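*Asks:* no sequence for this one, just the structure:
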Ligand code: SAH
């Protein structure tokens, strides 16, 4: 696969918004992958980062991003910075004034992401203490890129009314990707089965 063939595949099989495809085009996924696997950057697979963690599969990143329905200038929380790739995509979509706050627990990945994202002015990488980042709450959108065993209802305290949260929920080797909309009552939509590394 190549960057172009991934885009062709998405155009034929998904209905992603054009600005999301444009963000994908703008960012080099190879820059977010440890050197030994860079030639695999445009295979549609998750790849290892460090400490048994991964950078998500491109199609998964696109589905999650598309379902977040991001608008310019929004404030977004990501849990699970990993390589920083998902944050980079989000940072383009919230321009010119939006901000991305992203939390990570693994120190090696914080350093890796800081290096990968050094030219991205609207992304703040935070060492996770507890779930989310209360200090900057509330957020317009929350994206969790690791698998929760149960729906983290507590995090809804950090989400704006009418906000959207995307979270994979389920046991270790198979989760359902859920889209939770915080309207007058909670709406939960299942986006399908996926596999993520566990949320800790
Ligand atoms: N979004 C990343 C993929 C991350 S994989 C990318 O684009 O590359 C999920 C990440 O979540 C892992 O790096 C893992 O270390 C991190 N993680 C697990 N539990 C966490 C928690 N409670 N808070 C923050 N990060 C967590």
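*Replies:* Thanks, I have it. Predicted model only: the values in this text are computed from it and were never measured. Numbers count the residues shown, from 1 in each chain.

*Asks:* nearest the geometric middle of this structure, what residue?
*Replies:* Closest to where the C-alpha atoms of the chain average out (C-alpha atoms, centre = their mean) is residue 86, at 4.3 Å.

*Asks:* wait, what's in contact with that one?
*Replies:* 56, 61, 64-65, 78, 143, 145 (C-beta atoms under 8 Å, 6 or more residues apart in numbering). Placement of C-beta: from N, CA and C, glycine included.

*Asks:* residue 48 pairs with what?
*Replies:* Residues in a beta bridge with residue 48, per DSSP bridges, are residue 54.

*Asks:* what about it, neighbour count?
*Replies:* Residue 48 has 13 neighbours, counted by other C-beta atoms under 10 Å.

*Asks:* cool, and residue 94?
*Replies:* For residue 94, the count of nearby residues is 21 (other C-beta under 10 Å).

*Asks:* re earlier: of the contacts of residue 86, closest to the ligand?
*Replies:* Lowest distance from the ligand to those (C-beta to the nearest ligand atom) belongs to residue 145, with 3.7 Å.

*Asks:* the closest one and residue 79: what is the separation?
*Replies:* Between residue 145 and residue 79 the distance is 7 Å, computed by C-beta to C-beta, to the nearest Å.

*Asks:* just to revisit the earlier point, what secondary structure does the residue nearest to the centre of the chain sit in?
*Replies:* The three-state assignment at residue 86 reads helix, by DSSP: H, G, I helix; E, B strand; the rest coil.
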